[in-house]
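1. Need the 3D shape of this:
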Amino acid sequence: MITEAITNPPTAITAGAGTVVTNMFIATLPVAINVIMAIYLIVVVCHKCWQFYNEIKDRRAGGK
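-> Below is the predicted model:
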């Protein structure tokens with residue numbers, strides 16, 4: 001029974017393809033995390049700059 005399941009072509013192809021996809025995911029995960037963190041950092045810095053800009057604009061207009 002086990003030998004039949006292992007040698008069954010659809011099962012073997014699925015297991016092989018699953019392994020390839022898993023290995024590709026594991027290999028690209030550190031790069032993906034770094035890219036996502038860089039994008040997040042850019043968004044945070046831009047948001048903080050926007051807040052500073054609005055505070056300065058409000059001070060010049062005489063508001064608090």
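
2. what stretches of this protein score poorly on pLDDT?
-> 1-16, 63-64 (pLDDT under 70).

3. could you pull out the helices for it?
-> Using DSSP state H, the helices of the chain run over 2-7, 9-61.

4. starting at the chain centroid, how far to the longest one?
-> How far helix 9-61 lies from its chain's middle: 4 Å, per Cα atoms, centre = their mean, to the nearest Å.

5. thinking again about what came up before, pick the most buried one from the helices of the chain.
-> helix 9-61 (a mean of 10; mean count of other Cβ atoms under 10 Å). C-beta here means a position set from N, CA and C on the backbone, and glycine is covered the same way.

6. Against A38, how distant is V31?
-> Noted for V31: a distance of 11 Å to A38, by Cβ to Cβ, to the nearest Å.

7. how much space is there between K48 and K57?
-> 15 Å.

8. same thing with G18?
-> G18 is 55 Å from K57, by Cβ to Cβ.

9. try Y40
-> From Y40 to K57 the distance is 26 Å (Cβ to Cβ).

10. Could you report the distance from I39 to I26?
-> Distance from I39 to I26, by Cβ to Cβ: 21 Å.

11. What of K57?
-> On the measure of Cβ to Cβ, K57 and I26 end up 48 Å apart.

12. do the same with V43
-> From V43 to I26 the distance is 27 Å (Cβ to Cβ).

13. Equivalent analysis for C49, please.
-> Here C49 is placed at a distance of 36 Å from I26 (Cβ to Cβ).

14. Pull out the CA atoms of stretch 28-44 and give them to me as PDB.
-> As requested, the backbone C-alpha atoms of stretch 28-44 are provided in PDB (Å, rounded to 0.1, in the frame of the first residue of the first chain):
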ATOM      1  CA  THR A  28      13.100  33.900  -1.000                       C
ATOM      2  CA  LEU A  29      11.600  34.600   2.500                       C
ATOM      3  CA  PRO A  30      14.600  36.500   3.900                       C
ATOM      4  CA  VAL A  31      14.700  38.800   0.800                       C
ATOM      5  CA  ALA A  32      10.900  39.300   1.000                       C
ATOM      6  CA  ILE A  33      11.100  40.300   4.600                       C
ATOM      7  CA  ASN A  34      13.900  42.800   3.900                       C
ATOM      8  CA  VAL A  35      11.900  44.300   1.000                       C
ATOM      9  CA  ILE A  36       8.700  44.600   3.100                       C
ATOM     10  CA  MET A  37      10.600  46.100   6.000                       C
ATOM     11  CA  ALA A  38      12.300  48.700   3.700                       C
ATOM     12  CA  ILE A  39       8.900  49.600   2.300                       C
ATOM     13  CA  TYR A  40       7.400  49.900   5.800                       C
ATOM     14  CA  LEU A  41      10.400  52.100   6.900                       C
ATOM     15  CA  ILE A  42       9.900  54.400   3.900                       C
ATOM     16  CA  VAL A  43       6.100  54.700   4.700                       C
ATOM     17  CA  VAL A  44       6.900  55.500   8.400                       C
END
